[in-house]
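Enquirer: One predicted model, sequence on top.
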Amino acid sequence: MERSLSWGYRPAIDGLRSVAVVSVLLFHFDRGVMGGGFVGVDVFFVISGYLIGSVLLADIEGDRFSLARFYQRRIARIFPAFATVIAVTLAFGWLIYSSQDFASLGANAAAAALSVINIKLLFQGNYFALSEDAQPILHYWTLAVEEQFYLTFPVYLYLLTRLCRRPLLVNLCVGGVSFAACIAVTYVNPSYAFYLLPTRAWELLAGSSLALSEWKGFRAGHPHAAIAAWAGMALLVVSFIGIRQNDQFPGWIASFPVIGAVLVLSAMSNRDLFLVRLLSRPAPVAVGKLSYSLYLWHWAVFSLIDYRFFALSNLSRGALKIAITAIASLMTYRMVEKPLRAVLNKPVLQIPTFVGAALTIASLSIVGILVRDNFYFDATPARIASGGIVIAGGSAGSVVLAGDSQASMYGTELASLAREMGFTLNIVSVAGGNQLPGALATYWPDVSAFIAQRRPDVVIFANAWSAKITADAEPVRAALAELKGRVGHVILLAQQPTAPPAASRQGIRAGARPPFFEEPDARTARTTATASLERFAGDWVIVGDVSPVFLGRNDDIRLISENGRLTYQDSEHLSDAGTAMVRPLLAKAIENALANCSGRC
């Protein structure tokens with residue numbers, strides 16, 4: 001006979017939440033303080049699986065099961081703070097970030113609003129290696145995993161309890177399959193295992209298995225509960241201290257914090273246990289109640305502070321991070337999370353709650369996509385033949401931007417020039433691609449076909465020349481031969497100097513200071529490529545060497561612009577502050593080319 005799960009509020013669970021969130025905060029604040037603190041996320045998964053499973057089982061047992069009611073509770077619980085943090089982060093990102101990073105934030109915001117950011121992050125790289133200060137909503141991947149889980153879990157659990165004689169055994173088997181997949185996929189592709197639901201579901205199912213066992217009447221007695229509680233806490237401490245970020249996580253090692261969390265939760269009904277009483281103290285309970293807002297805010301605040309104030313001391317930045325995270329979390333909990341949860345949970349507001357959530361998701365998604373599309377211009381291969389991205393600036397002439405990411409980084413600046421100077425701009429450049437003749441997997445045939453059909457006044461080519469041409473620059477010669485007679489002028493933009501690794505926000509935070517110099521090998525490769533391009537300069541070919549803009553008297557790199565922003569996005573790409581410094585050169589070259597084309601191009 002099943003037993004009721006209406007056990008009421010257990011403050012120790014909030015205490016366990018505080019342990020999880022503090023471990024995550026410490027890890028993100030300084031990985032040297034708690035190297036395995038990121039496994040606090042795994043603890044959260046277990047707690048969520050346990051609590052949601054318990055609530056659903058109580059509804060099923062009481063014949064109150066309702067998908068509409070379940071999702072209303074989920075929206076009321078997570079959505080107000082969820083949407084608030086995304087919206088505020090977008091606003092501050094607009095003020096702080098470079099155009100490229102703001103565009104990336106917009107794309108991630110849209111993915112987060114749609115609860116698919118975990119899938120999007122697969123294409124950005126390893127969680128531990130991403131540029132942290134430019135990914136302020138990276139941590140939303142955990143919420144995406146949970147929401148994807150809860151799309152099917154209520155129906156799964158209902159059918160499990162209604163159709164299976166041994167629901168706990170079946171649930172453990174399903175969790176076991178997910179755990180086996182986690183181990184196997186971690187070995188093959190750690191990022192997939194880290195971000196995807198099928199390889200993370202076992203952690204949530206571990207919590208729901210504990211809920212099922214309690215539903216079946218299991219309760220750990222006092223002696224066993226004490227052993228379970230302390231053994232579980234010991235596993236958590238070992239995990240926080242001993243597990244490290246590497247390519248073998250999650251894998252089997254993630255079982256340590258998961259088992260630890262299950263063991264501690266299994267003892268929660270024994271309120272007289274010392275550990276349960278300790279977790280039920282006012283301080284950990286208060287932190288636990290704030291844990292959701294703390295989790296949402298901390299990473300966004302840490303990222304924005306590190307990005308904007310990269311030159312401040314660690315102490316100053318750390319103080320700002322702590323103060324702003326605490327204030328933002330308290331305000332969000334008291335003014336957004338707590339009051340709106342009470343309002344949105346009202347049965348009479350079920351339909352308005354769903355409608356409001358849908359409209360908010362749609363709004364955040366649209367804003368995110370607009371930000372992505374308007375702050376970084378980069379064509380997809382499929383759009384090259386049709387002209388890529390079109391900026392209809394006017395009828396003063398036609399300009400085509402082609403190349404790889406070295407070209408795309410100028411897209412925003414050239415779009416601004418198109419509107420200012422009144423020419424139409426087609427951006428067909430593709431970051432990470434090759435648009436030179438004879439190269440492997442080149443997009444040149446599509447580029448050439450479009451140019452032949454469009455017959456533009458000016459074609460601007462920018463590439464990572466040092467990596468794509470040799471001294472004879474044969475691909476450039478072949479491209480120019482094919483373009484002759486089809487375009488008015490070609491502008492070959494040479495590469496800017498390559499910044500050393502220390503010339504970055506991360507490097508400066510770690511103590512590096514100007515002057516910064518281009519490494520000898522990179523300088524030699526760049527100047528050789530530029531010299532090769534300059535041999536093609538003539539009546540209709542202009543070579544624009546941007547390196548003087550970024551080199552000081554002693555050939556040191558101009559890393560900081562007049563507005564205090566970095567001129568480099570990374571070692572090999574300019575930020576919008578950097579491309580703005582090239583704007584006069586671009587404007588003059590385009591103006592001269594269009595003037596020379598007038599009436600005869």
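Expert: Thanks, I have the structure now. Small disclaimer: the values here were computed from a predicted structure and weren't measured.
Enquirer: can we go C-alpha only for contacts and neighbour counts from here?
Expert: Noted.
Enquirer: residue closest to the middle of the protein?
Expert: Geometric centre of the chain, nearest residue: Leu138, 3.9 Å, by Cα atoms, centre = their mean.
Enquirer: who touches Val33 in this structure?
Expert: Leu26, Phe27 (Cα atoms under 8 Å, 6 or more residues apart in numbering).
Enquirer: and the lengthiest helix in the chain, what other elements does it pack with?
Expert: Taking DSSP state H as the criterion, the chain has its longest helix at helix 67-96. Secondary-structure packing of helix 67-96 (3 or more Cα pairs under 8 Å, 6 or more residues apart in numbering; DSSP states H and E): helix 99-113, helix 282-308, helix 338-344, helix 350-375.
Enquirer: 7 Å - rerun?
Expert: helix 99-113, helix 282-308, helix 338-344 (3 or more Cα pairs under 7 Å, 6 or more residues apart in numbering; DSSP states H and E).
Enquirer: Name whatever forms a beta bridge with the nearest residue to Trp540 once chain neighbours are set aside.
Expert: Nearest non-adjacent residue to Trp540, counting by Cα to Cα, 6 or more residues apart in numbering: His489, 4.6 Å away. In this entry, His489 is beta-bridged to Val458, by DSSP bridges.
Enquirer: now His489: how far from Leu279?
Expert: Separation of His489 from Leu279 (Cα to Cα, to the nearest Å): 72 Å.
Enquirer: Between those two, tell me which one has more neighbours.
Expert: The neighbour count for His489 versus Leu279, taken as other Cα atoms under 10 Å, is higher for His489 (28 against 25).
Enquirer: Next, Gly251: phi, psi?
Expert: Here is the backbone geometry of Gly251 (degrees, to the nearest 10): phi 50, psi -160.
Enquirer: hang on, the earlier thing: Val400 is nearest to which of the helices and strands packed on helix 67-96?
Expert: helix 99-113 (20.4 Å; Cα to Cα).
Enquirer: Walking through the stretch 351-500 of the chain, point out its helices one by one.
Expert: Along the stretch 351-500 of the chain, counting by DSSP state H, counting those that start in this stretch, helices occupy 405-408, 411-421, 444-454, 465-468, 474-483.
Enquirer: most neighbours per residue, which of those helices?
Expert: The highest mean neighbour count among the helices of the stretch 351-500 of the chain, using mean count of other Cα atoms under 10 Å, belongs to helix 405-408: a mean of 24.
Enquirer: What's the mean pLDDT across that one?
Expert: When pLDDT is averaged over helix 405-408, the result is 94.
Enquirer: got it, and stretch 444-454?
Expert: Across stretch 444-454, the average pLDDT comes to 94.
Enquirer: Not counting its own residues, what contacts that stretch?
Expert: For stretch 444-454, contacts defined as Cα atoms under 7 Å, 6 or more residues apart in numbering pick out Ile384, Ala385, Ser386, Gly387, Gln435, Leu436, Pro437, Arg486.
Enquirer: show me what contacts the first one?
Expert: In this case it means Ile384. Neighbouring residues of Ile384 by Cα under 7 Å, 6+ apart: Val428, Asp446, Val447.
Enquirer: buried set for stretch 320-336?
Expert: Under the neighbour-count criterion of 16 or more other Cα atoms under 10 Å, stretch 320-336 has Leu320, Lys321, Ile324, Thr325, Ala326, Ala328, Ser329, Leu330, Thr332, Tyr333, Val336 buried.
Enquirer: With respect to Val476, which of the residues you listed is nearest?
Expert: Set against Val476, the nearest of these by Cα to Cα is Lys321 (49.6 Å).
Enquirer: can you tell me which residues contact that closest one?
Expert: Val301, Phe302, Ile305.
Enquirer: Format those residues as CSV; extra columns: pLDDT, neighbour count and distance to Leu370.
Expert: Converted to CSV, the contacts of Lys321 look like this (pLDDT from 0 to 100; neighbours: other Cα atoms under 10 Å; distance: Cα to Cα, whole Å):
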residue, pLDDT, neighbour count, distance to Leu370
Val301, 97, 24, 23
Phe302, 96, 23, 25
Ile305, 96, 19, 25
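Enquirer: where's the residue lying closest to Ala206 once chain neighbours are set aside relative to Gly207, distance?
Expert: Excluding its sequence neighbours, the residue lying closest to Ala206 (Cα to Cα, 6+ apart) is Val46, at 6.2 Å. To Gly207, Val46 is 4 Å away according to Cα to Cα.
Enquirer: Now list whatever residues contact both of those two.
Expert: The contact sets of Val46 and Gly207 overlap at Val262 (Cα under 7 Å, 6+ apart).
Enquirer: So, low pLDDT: which residues of the stretch 401-550 of the chain?
Expert: Within the stretch 401-550 of the chain, no range satisfies pLDDT under 70.
Enquirer: Need the CA coordinates for the strand or helix carrying Asp521. PDB is fine.
Expert: Per DSSP states H and E: Asp521 is located in helix 520-534. Taking C-alpha atoms only, helix 520-534 is exported to PDB below (Å, rounded to 0.1, in the frame of the first residue of the first chain):
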ATOM      1  CA  PRO A 520      58.100  37.100 -34.500                       C
ATOM      2  CA  ASP A 521      56.700  34.200 -36.400                       C
ATOM      3  CA  ALA A 522      53.300  35.700 -36.700                       C
ATOM      4  CA  ARG A 523      54.800  39.000 -37.800                       C
ATOM      5  CA  THR A 524      56.900  37.400 -40.500                       C
ATOM      6  CA  ALA A 525      53.900  35.400 -41.800                       C
ATOM      7  CA  ARG A 526      51.700  38.500 -41.900                       C
ATOM      8  CA  THR A 527      54.200  40.800 -43.600                       C
ATOM      9  CA  THR A 528      55.100  38.100 -46.200                       C
ATOM     10  CA  ALA A 529      51.400  37.700 -47.000                       C
ATOM     11  CA  THR A 530      50.900  41.500 -47.200                       C
ATOM     12  CA  ALA A 531      53.900  41.900 -49.500                       C
ATOM     13  CA  SER A 532      52.400  39.100 -51.800                       C
ATOM     14  CA  LEU A 533      49.100  41.000 -52.000                       C
ATOM     15  CA  GLU A 534      50.800  44.300 -52.700                       C
END
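Enquirer: That one relative to helix 474-483, how many degrees between them?
Expert: With axes from the mean of the first three to the mean of the last three Cα atoms, to 10 degrees applied, the angle from helix 520-534 to helix 474-483 works out at 30 degrees.
Enquirer: residue contacts, Ala111?
Expert: By Cα under 7 Å, 6+ apart, Ala111 lies in contact with Ile117, Lys120.
Enquirer: same check, this time on the one 5 residues further on
Expert: Residues touching Val116, when contacts are defined by Cα under 7 Å, 6+ apart, comprise Ala144.
Enquirer: how much space between it and Leu143?
Expert: Using Cα to Cα, Val116 is found at 9 Å from Leu143.
Enquirer: so Thr530 touches Leu493, yeah?
Expert: No. The criterion here is Cα atoms under 7 Å, and Thr530 misses it with Leu493 at 8.9 Å.
Enquirer: Domain-wise, how is the protein divided?
Expert: Per the record, the chain has its domains at 11-374, 377-597, by automatic domain parsing.
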